Each structure stands twice: as C-alpha cells, then as structure tokens.
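Engineer: Quick check, what structure comes out for this input:
(one chain, ligands or ions: 1)
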Amino acid sequence: MQIVLATHNQHKVEELRRILEPRLPGIEVLAYDGPEPVESGTSFAENALIKARTAAAHTGLPAVADDSGICVDVLGGSPGIFSARWAGPSKDAGENLRLLLWQLADIPDEHRGAHFTCVAALALPDETEWHVSGEWSGHILFEPSGSGGFGYDPIFLPDGYAISAAELTPNVKNEQSHRARAFEHLIPVLETLLPA
Ligand code: ITT
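Structural biologist: Below you'll find the model as predicted:
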C-alpha cells in the first residue's frame, strides 16, 4: 500500500517519514510533486484538508497532509496559519523569525508563551476524510539558538527543556513535537483504513 505526503516542505517530508515509517510497516510513504494547492482556508484544519484532497485527487492515492504553525499568546495566536509567510510570500524562514522576534522585542519572558499546532489530514480517493491535531507548548526565546529542525525551531523553547527545538536531536523532536502528537492520533486511522 502506498500513501502520498501532500507537502512541498522537504523538512516536513523528512520528519513525517521518520514518524510514520517505523509505525506503518508495509506502507510506502511517497513524496508529492503535483500542483501546489491554494491554502484558502481560515483554519489549520481547512488548509490541511485542502492539501490532502488536492493530492488524493491528483495521484489517486490516499494522501496525508500537515498544516502547522506557531501561535504566540501575546499576539492573539498569530502567526498561526500564516506562519510560513509571516514576513512575506517568499516563505523565508530567517525573515519570518526575525520579524517575530522584533514584534516581541519588548515582551518579558513571562508573557512569551506560545505553542506549535499541527493538523494532520487524511483524504482517500473515494473522498473519505479525516483530521486530527496536536500541540507543543513552550516560550519564544529572545534570540535564535541552534541549527537543527526548521522554521521557528531556533526561537522556540519547548516546555520541559532548557534548549531550543533546533538544539533537540531529530529523534527527540519527532517524539515530542506538535507533528508527532497529531500523527500519533492519525496512525490508528491509517492502520484501520489502509491494508498493509
Ligand atoms: P506545505 O504547505 O507544502 O506543507 P508549508 O511550509 O507552506 O509547506 P504550512 O503552510 O503548514 O506549510 O506552514 C508551516 C510553517 O509553520 C512552516 O513553514 C514553519 O514556518 C512553521 N512550522 C511548522 N512546523 C514547524 C516546526 O516543526 N518547526 C518550526 N517551524 C514550524
């Protein structure tokens, strides 16, 4: 059985392969290279479903998508679904996190709470759909630290850790993250719906 990962973000592909492949023996996880869907939804769930539906329709295979982002308490949950393009359409991770740090420059540590959210969606070619979510709580640092991970990881201090998400090993991030938590809920669905 094959499933397709409906993302153009190579970092997500790597993390999702590491999360899914050991748990789904017999299921081949393919990368998606079809048209990029327009993320016109107003929630993580809507956008995740748009991506999964688009890839399922294009490939004729079950498609799994991830819509994710960082939600900062003092910004009312922003950047949220706009995380990838927070500083503009180029999706430049460095510019995104510099803008966020600038916006939080005067905010003291105790008010820098934030969480990552991930909604994982599954769409089958017969139009059956499913979505589940996961969160990862922490704080926004005052400056970037670490070179692992991607996106906002260098400025995210996960609860329970004294190092940024970009300083965690991939194994630890892939056990703890919003993505790990969302897909932990999707794996039983995949096991039930998709014969190996
Ligand atoms: P696809 O839509 O093709 O999947 P994308 O990167 O545009 O790729 P999203 O619209 O879901 O995906 O935006 C996710 C953004 O949220 C991502 O680009 C990062 O800026 C941020 N993000 C999500 N998960 C993250 C993680 O684990 N670590 C750091 N930043 C993350």
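
Engineer: quick one: whichever residue of the chain sits closest to the ligand from residue 183, how far?
Structural biologist: Scanning the chain for the residue nearest the ligand gives residue 151, at 2.4 Å (criterion: C-beta to the nearest ligand atom). To be clear about C-beta, it is placed using only N, CA and C from the backbone, and glycine gets the same treatment. To residue 183, residue 151 is 17 Å away according to C-beta to C-beta, to the nearest Å.

Engineer: go on, residue 53?
Structural biologist: Applying C-beta to C-beta, the value for residue 53 to residue 183 is 18 Å.

Engineer: what does residue 148 give?
Structural biologist: Distance of residue 148 to residue 183, given as C-beta to C-beta: 19 Å.

Engineer: Return the residues of this structure in contact with the ligand.
Structural biologist: Counting by C-beta under 6 Å from any ligand atom, the positions of the chain adjacent to the ligand are 7-9, 12, 39, 51, 66-70, 83-84, 93, 96, 116, 149-153, 177, 179.

Engineer: Pull out the buried residues from those.
Structural biologist: Buried members of these, counted by 16 or more other C-beta atoms under 10 Å: 7-9, 12, 39, 51, 66-70, 83-84, 93, 96, 116, 149, 151-153, 177, 179.

Engineer: List the residues that contact residue 28.
Structural biologist: 1-3 (C-beta atoms under 8 Å, 6 or more residues apart in numbering).

Engineer: So in terms of bridging, what pairs with it?
Structural biologist: Bridge pairing for residue 28 (DSSP bridges) gives the partners residue 2.

Engineer: So which residue is dead centre in this protein?
Structural biologist: residue 68 (3.8 Å; C-alpha atoms, centre = their mean).

Engineer: Hmm, it is touching residue 180, no?
Structural biologist: No - in this structure, residue 68 is not within contact of residue 180 by C-beta atoms under 8 Å, at 11.5 Å.

Engineer: how about the nearest residue to residue 171, chain neighbours excluded?
Structural biologist: residue 18 (7.9 Å; C-beta to C-beta, 6 or more residues apart in numbering).

Engineer: and if you look at residue 37?
Structural biologist: residue 54 (3.9 Å).

Engineer: all strands of the chain, in order?
Structural biologist: According to DSSP state E, the chain carries its strands in the segments 2-5, 28-31, 63-72, 113-123, 129-140, 156-158.

Engineer: Could the C-alpha coordinates of the lowest-mean-pLDDT helix or strand in the chain be exported in PDB?
Structural biologist: Confidence across the helices and strands of the chain bottoms out at strand 28-31, with a mean of 92, counting by mean pLDDT, DSSP states H and E. Taking Å, rounded to 0.1, in the frame of the first residue of the first chain, the C-alpha atoms of strand 28-31 are listed here in PDB:
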ATOM      1  CA  GLU A  28       5.200   3.000   1.300                       C
ATOM      2  CA  VAL A  29       5.400   6.800   2.000                       C
ATOM      3  CA  LEU A  30       5.800   8.800  -1.200                       C
ATOM      4  CA  ALA A  31       6.600  12.500  -1.600                       C
END
